[in-house]
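S.K.: Predicted model and sequence follow; I will ask about them next.
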Amino acid sequence: MTTSIIVPVPKKGDIKDPDNYRGISLIPTIIKLLAKIVATKLAPMNIKYKMIAKEKADFRKFEECVAQVTTLYEIARRRKIDNKETWLCNIEYSKAYGRVPHMDLLLPFADDAVLLAESSADLQDSLNTITVWSDTWEMAVNASKCGVMTISGELTTDMTLQGQKFNPTDQYTYLGYIMNSKKAVYAAYSFLRRSDVLTALKIKFINSVLMPIGCYGGETFGMSESRCKPIQSEIDKAIRMVANVGKSAAMERISDELGITSVFMHTSTACERAYYKCPTSITWIADLIKAPMKAQMATWVTGSTQWIK
(Lines give C-alpha, C1' and ligand atoms only; values in the text may rest on other atoms or scores of the structure.)
Protein backbone atom coordinates (compact mmCIF):
# COMPACT_ATOMS: atom_id res chain seq x y z
CA MET A 1 0.00 0.00 0.00
CA THR A 2 2.96 2.36 0.52
CA THR A 3 4.74 1.68 -2.79
CA SER A 4 3.90 2.28 -6.43
CA ILE A 5 5.30 1.44 -9.84
CA ILE A 6 6.43 4.55 -11.76
CA VAL A 7 6.14 4.35 -15.53
CA PRO A 8 7.88 7.10 -17.59
CA VAL A 9 5.61 8.43 -20.35
CA PRO A 10 7.14 10.72 -23.03
CA LYS A 11 5.58 14.19 -23.28
CA LYS A 12 7.20 15.97 -26.23
CA GLY A 13 10.64 16.78 -27.54
CA ASP A 14 13.72 14.56 -27.63
CA ILE A 15 12.85 11.16 -26.15
CA LYS A 16 16.53 10.74 -25.21
CA ASP A 17 16.18 13.59 -22.70
CA PRO A 18 14.89 12.29 -19.33
CA ASP A 19 13.33 15.72 -18.62
CA ASN A 20 10.87 15.13 -21.46
CA TYR A 21 9.18 12.28 -19.61
CA ARG A 22 6.30 12.38 -17.16
CA GLY A 23 6.41 9.87 -14.32
CA ILE A 24 3.05 8.12 -13.87
CA SER A 25 2.58 6.19 -10.62
CA LEU A 26 0.57 2.98 -10.80
CA ILE A 27 -0.92 2.82 -7.30
CA PRO A 28 -3.39 0.30 -5.85
CA THR A 29 -7.06 1.00 -6.61
CA ILE A 30 -7.97 1.05 -2.91
CA ILE A 31 -5.54 3.94 -2.37
CA LYS A 32 -7.12 5.86 -5.26
CA LEU A 33 -10.56 5.41 -3.69
CA LEU A 34 -9.26 6.51 -0.30
CA ALA A 35 -7.63 9.61 -1.80
CA LYS A 36 -10.89 10.48 -3.60
CA ILE A 37 -12.87 10.16 -0.37
CA VAL A 38 -10.42 12.38 1.53
CA ALA A 39 -10.39 14.99 -1.27
CA THR A 40 -14.21 15.04 -1.36
CA LYS A 41 -14.36 15.59 2.41
CA LEU A 42 -11.73 18.35 2.35
CA ALA A 43 -13.16 20.30 -0.61
CA PRO A 44 -16.05 21.96 1.32
CA MET A 45 -13.64 22.95 4.10
CA ASN A 46 -11.33 24.61 1.59
CA ILE A 47 -14.22 26.76 0.34
CA LYS A 48 -15.67 27.52 3.78
CA TYR A 49 -12.40 28.63 5.37
CA LYS A 50 -10.82 29.98 2.15
CA MET A 51 -7.75 27.81 2.59
CA ILE A 52 -6.72 28.14 -1.07
CA ALA A 53 -6.02 31.47 -2.77
CA LYS A 54 -8.43 32.76 -5.43
CA GLU A 55 -5.60 32.71 -7.96
CA LYS A 56 -5.47 28.91 -7.80
CA ALA A 57 -8.09 27.04 -9.83
CA ASP A 58 -6.61 23.63 -10.56
CA PHE A 59 -8.06 20.60 -8.80
CA ARG A 60 -11.10 22.64 -7.71
CA LYS A 61 -14.63 21.54 -8.55
CA PHE A 62 -16.42 23.40 -11.37
CA GLU A 63 -13.32 25.48 -12.20
CA GLU A 64 -11.75 25.32 -15.66
CA CYS A 65 -8.59 26.36 -17.49
CA VAL A 66 -10.30 28.74 -19.88
CA ALA A 67 -11.58 30.89 -16.99
CA GLN A 68 -8.00 31.40 -15.84
CA VAL A 69 -6.90 32.34 -19.35
CA THR A 70 -9.82 34.75 -19.69
CA THR A 71 -8.92 36.32 -16.35
CA LEU A 72 -5.38 36.92 -17.57
CA TYR A 73 -6.65 38.41 -20.83
CA GLU A 74 -9.19 40.66 -19.09
CA ILE A 75 -6.62 42.06 -16.66
CA ALA A 76 -4.08 42.75 -19.42
CA ARG A 77 -6.76 44.26 -21.65
CA ARG A 78 -8.00 46.65 -18.96
CA ARG A 79 -4.47 47.80 -18.18
CA LYS A 80 -3.72 48.37 -21.86
CA ILE A 81 -6.85 50.52 -22.23
CA ASP A 82 -5.57 52.61 -19.29
CA ASN A 83 -2.16 52.89 -21.04
CA LYS A 84 -0.46 50.90 -18.28
CA GLU A 85 2.40 48.45 -18.75
CA THR A 86 1.86 44.80 -17.86
CA TRP A 87 4.71 42.36 -17.34
CA LEU A 88 3.99 38.65 -17.33
CA CYS A 89 6.34 35.85 -16.40
CA ASN A 90 5.30 32.27 -17.07
CA ILE A 91 6.93 30.04 -14.48
CA GLU A 92 7.08 26.26 -14.69
CA TYR A 93 8.79 24.01 -12.20
CA SER A 94 10.80 20.97 -13.17
CA LYS A 95 9.36 17.67 -11.91
CA ALA A 96 7.31 19.58 -9.33
CA TYR A 97 5.30 16.65 -8.04
CA GLY A 98 8.40 14.55 -7.70
CA ARG A 99 10.55 17.22 -6.06
CA VAL A 100 8.20 18.57 -3.40
CA PRO A 101 9.09 17.14 0.05
CA HIS A 102 6.73 14.37 1.14
CA MET A 103 6.06 16.07 4.48
CA ASP A 104 4.69 19.10 2.62
CA LEU A 105 2.40 17.31 0.17
CA LEU A 106 -0.73 18.53 2.00
CA LEU A 107 0.26 22.18 1.52
CA PRO A 108 -1.17 23.94 -1.54
CA PHE A 109 1.31 24.16 -4.39
CA ALA A 110 1.29 24.17 -8.18
CA ASP A 111 3.82 23.25 -10.85
CA ASP A 112 3.20 26.32 -13.00
CA ALA A 113 2.05 29.90 -12.56
CA VAL A 114 1.84 33.29 -14.26
CA LEU A 115 3.35 36.25 -12.45
CA LEU A 116 2.01 39.75 -13.18
CA ALA A 117 3.84 43.01 -12.44
CA GLU A 118 3.54 46.71 -13.27
CA SER A 119 7.20 47.21 -14.25
CA SER A 120 10.39 45.28 -14.91
CA ALA A 121 11.71 46.27 -11.48
CA ASP A 122 8.57 44.98 -9.75
CA LEU A 123 8.79 41.78 -11.77
CA GLN A 124 12.40 41.14 -10.74
CA ASP A 125 11.52 41.82 -7.08
CA SER A 126 8.74 39.24 -7.30
CA LEU A 127 11.09 36.76 -8.99
CA ASN A 128 13.57 37.24 -6.13
CA THR A 129 10.80 36.42 -3.65
CA ILE A 130 9.90 33.30 -5.62
CA THR A 131 13.58 32.30 -5.66
CA VAL A 132 13.64 32.33 -1.85
CA TRP A 133 10.36 30.37 -1.72
CA SER A 134 11.55 27.81 -4.30
CA ASP A 135 14.86 27.24 -2.52
CA THR A 136 13.06 26.83 0.81
CA TRP A 137 10.73 24.15 -0.54
CA GLU A 138 13.41 22.47 -2.66
CA MET A 139 11.72 23.33 -5.97
CA ALA A 140 13.67 23.87 -9.20
CA VAL A 141 12.54 26.08 -12.08
CA ASN A 142 12.63 24.71 -15.62
CA ALA A 143 14.06 27.78 -17.38
CA SER A 144 13.59 26.29 -20.85
CA LYS A 145 9.81 26.34 -20.36
CA CYS A 146 9.61 29.80 -18.78
CA GLY A 147 9.31 33.14 -20.53
CA VAL A 148 8.72 36.86 -20.01
CA MET A 149 6.11 38.79 -21.99
CA THR A 150 5.51 42.54 -22.00
CA ILE A 151 2.30 44.34 -22.92
CA SER A 152 2.76 48.04 -23.76
CA GLY A 153 6.30 47.81 -22.43
CA GLU A 154 9.84 46.99 -23.59
CA LEU A 155 12.17 44.44 -22.03
CA THR A 156 15.64 46.00 -21.77
CA THR A 157 17.19 43.96 -18.95
CA ASP A 158 17.58 40.25 -18.24
CA MET A 159 15.16 38.66 -15.78
CA THR A 160 16.55 35.94 -13.52
CA LEU A 161 15.01 33.32 -11.26
CA GLN A 162 17.15 30.93 -9.21
CA GLY A 163 20.18 32.27 -11.09
CA GLN A 164 18.70 31.39 -14.50
CA LYS A 165 17.96 33.96 -17.20
CA PHE A 166 14.56 34.09 -18.88
CA ASN A 167 14.25 34.86 -22.57
CA PRO A 168 11.60 37.34 -23.77
CA THR A 169 8.81 35.85 -25.87
CA ASP A 170 5.78 37.07 -27.78
CA GLN A 171 3.98 33.73 -27.60
CA TYR A 172 3.50 31.23 -24.80
CA THR A 173 1.34 28.19 -24.30
CA TYR A 174 -0.58 28.75 -21.08
CA LEU A 175 -2.73 25.83 -19.89
CA GLY A 176 -2.66 24.45 -23.43
CA TYR A 177 -4.26 27.61 -24.80
CA ILE A 178 -2.25 28.06 -28.02
CA MET A 179 -3.38 25.50 -30.57
CA ASN A 180 -2.61 25.37 -34.28
CA SER A 181 -5.61 24.32 -36.35
CA LYS A 182 -3.64 24.68 -39.61
CA LYS A 183 -1.28 21.86 -38.63
CA ALA A 184 -4.26 19.70 -37.68
CA VAL A 185 -5.82 20.10 -41.15
CA TYR A 186 -2.56 19.29 -42.95
CA ALA A 187 -2.05 16.23 -40.75
CA ALA A 188 -5.50 14.97 -41.77
CA TYR A 189 -5.00 15.74 -45.48
CA SER A 190 -4.41 12.15 -46.61
CA PHE A 191 -7.35 10.86 -44.56
CA LEU A 192 -9.81 13.42 -45.95
CA ARG A 193 -8.66 12.71 -49.53
CA ARG A 194 -9.15 8.94 -49.29
CA SER A 195 -11.93 7.68 -51.58
CA ASP A 196 -12.45 4.49 -49.56
CA VAL A 197 -13.55 6.41 -46.45
CA LEU A 198 -17.25 7.20 -46.12
CA THR A 199 -18.22 10.86 -46.37
CA ALA A 200 -20.22 10.53 -43.15
CA LEU A 201 -17.06 9.41 -41.35
CA LYS A 202 -15.07 12.35 -42.72
CA ILE A 203 -17.79 14.76 -41.56
CA LYS A 204 -17.71 13.21 -38.12
CA PHE A 205 -13.93 13.59 -38.10
CA ILE A 206 -14.22 17.32 -38.84
CA ASN A 207 -16.87 17.83 -36.15
CA SER A 208 -15.24 15.72 -33.45
CA VAL A 209 -11.50 16.27 -34.11
CA LEU A 210 -10.69 19.34 -36.22
CA MET A 211 -13.42 21.63 -34.89
CA PRO A 212 -12.56 21.14 -31.17
CA ILE A 213 -8.89 21.85 -31.94
CA GLY A 214 -9.73 25.03 -33.82
CA CYS A 215 -12.28 26.21 -31.26
CA TYR A 216 -10.21 25.47 -28.16
CA GLY A 217 -10.27 28.60 -26.02
CA GLY A 218 -13.33 29.93 -27.85
CA GLU A 219 -14.69 31.11 -24.53
CA THR A 220 -12.11 33.89 -24.70
CA PHE A 221 -12.04 34.86 -28.39
CA GLY A 222 -15.63 33.97 -29.37
CA MET A 223 -18.28 36.48 -30.51
CA SER A 224 -15.84 38.00 -32.99
CA GLU A 225 -16.09 36.99 -36.65
CA SER A 226 -12.74 38.61 -37.46
CA ARG A 227 -10.92 36.49 -34.85
CA CYS A 228 -12.72 33.34 -36.00
CA LYS A 229 -12.06 33.92 -39.71
CA PRO A 230 -8.48 32.47 -39.84
CA ILE A 231 -9.66 29.31 -38.06
CA GLN A 232 -12.75 29.02 -40.27
CA SER A 233 -10.59 29.24 -43.40
CA GLU A 234 -8.64 26.16 -42.26
CA ILE A 235 -11.84 24.25 -41.48
CA ASP A 236 -13.18 25.24 -44.91
CA LYS A 237 -10.13 23.59 -46.52
CA ALA A 238 -11.09 20.32 -44.86
CA ILE A 239 -14.73 20.74 -45.94
CA ARG A 240 -13.66 21.35 -49.56
CA MET A 241 -11.68 18.09 -49.50
CA VAL A 242 -14.73 16.19 -48.29
CA ALA A 243 -17.15 17.86 -50.74
CA ASN A 244 -14.56 17.84 -53.53
CA VAL A 245 -15.27 21.45 -54.51
CA GLY A 246 -13.10 24.44 -55.37
CA LYS A 247 -12.44 27.74 -53.62
CA SER A 248 -15.36 29.46 -55.37
CA ALA A 249 -17.93 27.13 -53.81
CA ALA A 250 -20.57 28.53 -51.44
CA MET A 251 -19.07 27.25 -48.20
CA GLU A 252 -21.91 28.29 -45.89
CA ARG A 253 -24.45 26.32 -47.93
CA ILE A 254 -22.17 23.29 -48.21
CA SER A 255 -21.45 23.35 -44.47
CA ASP A 256 -25.17 23.47 -43.71
CA GLU A 257 -25.84 20.49 -45.99
CA LEU A 258 -23.03 18.50 -44.36
CA GLY A 259 -24.19 19.41 -40.85
CA ILE A 260 -21.02 21.31 -39.90
CA THR A 261 -21.59 24.34 -37.67
CA SER A 262 -19.39 27.40 -38.20
CA VAL A 263 -16.44 28.25 -35.94
CA PHE A 264 -18.12 31.55 -35.05
CA MET A 265 -21.23 29.75 -33.78
CA HIS A 266 -19.17 27.21 -31.81
CA THR A 267 -17.01 29.83 -30.11
CA SER A 268 -19.88 32.26 -29.49
CA THR A 269 -21.85 29.51 -27.75
CA ALA A 270 -18.80 28.64 -25.66
CA CYS A 271 -18.25 32.31 -24.79
CA GLU A 272 -21.87 32.76 -23.70
CA ARG A 273 -21.71 29.62 -21.57
CA ALA A 274 -18.57 30.90 -19.84
CA TYR A 275 -20.10 34.35 -19.34
CA TYR A 276 -23.04 32.92 -17.41
CA LYS A 277 -21.01 30.33 -15.50
CA CYS A 278 -18.02 32.43 -14.43
CA PRO A 279 -19.92 34.64 -11.91
CA THR A 280 -20.33 31.49 -9.78
CA SER A 281 -16.57 30.84 -9.79
CA ILE A 282 -14.52 31.22 -6.61
CA THR A 283 -11.58 32.68 -8.55
CA TRP A 284 -10.90 36.23 -9.79
CA ILE A 285 -12.94 35.90 -12.98
CA ALA A 286 -16.13 36.28 -10.91
CA ASP A 287 -14.90 39.59 -9.45
CA LEU A 288 -13.98 40.91 -12.90
CA ILE A 289 -17.44 40.13 -14.29
CA LYS A 290 -19.20 41.76 -11.33
CA ALA A 291 -17.07 44.92 -11.70
CA PRO A 292 -16.88 45.67 -15.45
CA MET A 293 -14.55 48.37 -16.70
CA LYS A 294 -16.11 51.64 -17.85
CA ALA A 295 -14.35 52.59 -21.08
CA GLN A 296 -15.11 53.16 -24.76
CA MET A 297 -12.94 50.21 -25.78
CA ALA A 298 -14.38 46.80 -25.02
CA THR A 299 -12.90 44.11 -22.81
CA TRP A 300 -13.99 40.47 -22.65
CA VAL A 301 -16.57 41.27 -19.98
CA THR A 302 -18.09 44.37 -21.57
CA GLY A 303 -17.84 42.98 -25.09
CA SER A 304 -19.61 39.74 -24.14
CA THR A 305 -22.31 41.65 -22.26
CA GLN A 306 -23.01 43.86 -25.26
CA TRP A 307 -23.00 40.95 -27.72
CA ILE A 308 -25.43 38.86 -25.65
CA LYS A 309 -27.85 41.78 -25.29
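M.R.: Looks like it came in fine.
S.K.: mind listing what's buried in stretch 152-161?
M.R.: Residues of stretch 152-161 classed as buried under the neighbour-count rule (16 or more other Cβ atoms under 10 Å) are 153, 155, 159, 161. Every C-beta, even on glycine, is put in place using the N, C-alpha and C of the backbone.
S.K.: Ok, stretch 260-273 next?
M.R.: Of the residues in stretch 260-273, those buried by neighbour count under the rule 16+ other Cβ under 10 Å are 260, 262-264, 266-272.
S.K.: Among the residues you listed, name the ones in helices.
M.R.: Secondary structure from DSSP state H places 263-264, 266-272 of these in helices.
S.K.: could those be laid out in CSV, adding pLDDT?
M.R.: Compiled in CSV, these are given as follows (pLDDT from 0 to 100):
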residue, pLDDT
Val263, 96
Phe264, 96
His266, 96
Thr267, 96
Ser268, 96
Thr269, 96
Ala270, 95
Cys271, 96
Glu272, 96
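S.K.: and the residues you listed as TSV, adding distance to Ile27?
M.R.: As requested, those are arranged in TSV below (distance: Cβ to Cβ, whole Å):
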residue	distance to Ile27
Val263	41
Phe264	45
His266	38
Thr267	39
Ser268	42
Thr269	39
Ala270	35
Cys271	39
Glu272	40
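S.K.: Return the member of the residues you listed nearest to Lys61.
M.R.: Closest approach between these and Lys61, by Cβ to Cβ: Ala270, at 20.0 Å.
S.K.: Please name the nearest non-neighbouring residue to the closest one.
M.R.: Counting by Cβ to Cβ, 6 or more residues apart in numbering, the nearest residue to Ala270 once its immediate chain neighbours are dropped is Gly218, at 4.1 Å.
S.K.: What is the burial count for the one you found?
M.R.: When neighbours are counted by other Cβ atoms under 10 Å, Gly218 registers 25.
S.K.: Gly23 too?
M.R.: Here the neighbour count serves as a burial measure; for Gly23 (other Cβ under 10 Å) it reads 13.
S.K.: Is it in a helix, a strand, or coil?
M.R.: The assignment at Gly23 comes out as strand when based on DSSP: H, G, I helix; E, B strand; the rest coil.
S.K.: Next up, phi/psi of the residue lying closest to it once chain neighbours are set aside, please.
M.R.: Using Cβ to Cβ, 6+ apart and skipping the chain neighbours, the partner closest in space to Gly23 is Ile6 (4.8 Å). Backbone geometry at Ile6, expressed as degrees, to the nearest 10, gives phi -100, psi 120.
S.K.: pretty sure Ile6 contacts Ser25?
M.R.: Yes: between Ile6 and Ser25 there is a contact under Cβ atoms under 8 Å: 5.4 Å.
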